[in-house]
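Enquirer: with the input below, show me the fold.
(one chain, ligands or ions: 1)
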Amino acid sequence: MAAPDRGLTPPRAGIAPAKGGILPPIINLRPINWFFDVNRAMSLWPVTFGLACCAIEMMSVSMARFDMARFGAEVFRPSVRQADLMMVTGTVSKKMAPAVVRLYEQMPAPKFVLACGNCAISGGPFKFEGQYGIVEGVDQLIPVDVYVPGCPPRPEAILEGVFAIQEKITGRRWWPKAEEIPS
Ligand code: SF4
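Expert: So this is what the prediction gives:
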């Protein structure tokens with residue numbers, strides 16, 4: 001069966017987007033899928049990958065104060081072949097774009113992308129008429145699962161983005177919302 005079309009926008013500025021998609025599992029039994037999905041969602045392995053200032057927020061979210069380890073996503077991997085979550089944190093320059101595509105394609109499926117910050121979402125403050133060096137949204141290159149706006153987004157917002165990825169994998173939210181926590 002053909003991989004689903006994940007709706008990549010047409011390439012611009014001559015940069016080819018990532019090829020292919022995620023093939024359906026060979027064994028497709030709902031209880032088994034649920035078991036694997038829950039385990040997958042609770043042990044996301046992000047790739048150690050930062051492009052600009054938003055990467056500082058990604059670093060802080062993994063440290064003691066915000067402690068992403070509480071939610072199972074702290075094992076940053078130096079190789080994309082061991083990672084299933086790419087947080088695109090920063091400005092995607094056209095010079096860097098082919099490397100972003102290559103890294104995404106090298107990640108094993110199933111894999112997830114979090115566009116972190118306004119630059120990764122739309123070009124952010126570098127989007128203006130006549131600019132020639134910036135990709136105006138990483139979703140022109142690779143499929144994005146969750147967008148976290150901000151310049152930069154707060155670490156709490158990045159955590160919410162990780163929760164949204166977990167919800168996308170399992171179909172339910174696992175952690176209480178801020179307003180549900182008694183003060
Ligand atoms: S969104 Fe703002 S903080 Fe993030 S990389 Fe762009 S300019 Fe830097």
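
Enquirer: which one's the longest helix in this structure?
Expert: Under DSSP state H, the helix in the chain containing the largest number of residues is helix 155-170.

Enquirer: where in this structure is pLDDT low?
Expert: Within the chain, the stretches with pLDDT under 70 are 1-14, 20-22.

Enquirer: got the residues of it near the ligand?
Expert: 52-54, 90-91, 117-119, 124-125, 151-152 (CB under 6 Å from any ligand atom). Using the backbone N, CA and C atoms, a C-beta is placed for each residue, glycine as well.

Enquirer: make it 5 Å
Expert: 52-54, 90, 117-119, 124, 151-152 (CB under 5 Å from any ligand atom).

Enquirer: need the residues you listed in CSV (columns: secondary structure and neighbour count).
Expert: Listed next are those as CSV, based on DSSP: H, G, I helix; E, B strand; the rest coil; neighbours: other CB atoms under 10 Å:
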residue, secondary structure, neighbour count
Ala52, coil, 18
Cys53, coil, 15
Cys54, helix, 27
Gly90, coil, 24
Gly117, coil, 29
Asn118, helix, 22
Cys119, helix, 29
Gly124, helix, 22
Cys151, coil, 12
Pro152, coil, 24
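
Enquirer: put together CSV for these, with distance to Thr170 on each row.
Expert: Shown next, in CSV, are the residues of the chain next to the ligand (distance: CB to CB, whole Å):
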residue, distance to Thr170
Ala52, 31
Cys53, 31
Cys54, 26
Gly90, 28
Gly117, 25
Asn118, 28
Cys119, 29
Gly124, 31
Cys151, 30
Pro152, 28
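
Enquirer: where exactly do the strands run in this structure?
Expert: Secondary structure of the chain by DSSP state E: the strands cover 85-89, 112-116, 146-148.

Enquirer: show me what the last one is packed up against.
Expert: Just to be clear, that refers to strand 146-148. Here strand 146-148 touches strand 112-116, helix 155-170, going by 3 or more CB pairs under 8 Å, 6 or more residues apart in numbering; DSSP states H and E.

Enquirer: quick one: the longest one to strand 112-116, angle?
Expert: On the basis of axes from the mean of the first three to the mean of the last three CA atoms, to 10 degrees, helix 155-170 is oriented at 160 degrees to strand 112-116.

Enquirer: which strands or helices does helix 155-170 pack on?
Expert: Packed against helix 155-170, as judged by 3+ CB pairs under 8 Å, 6+ apart, are the following elements: helix 30-41, helix 54-61, strand 85-89, strand 112-116, strand 146-148.
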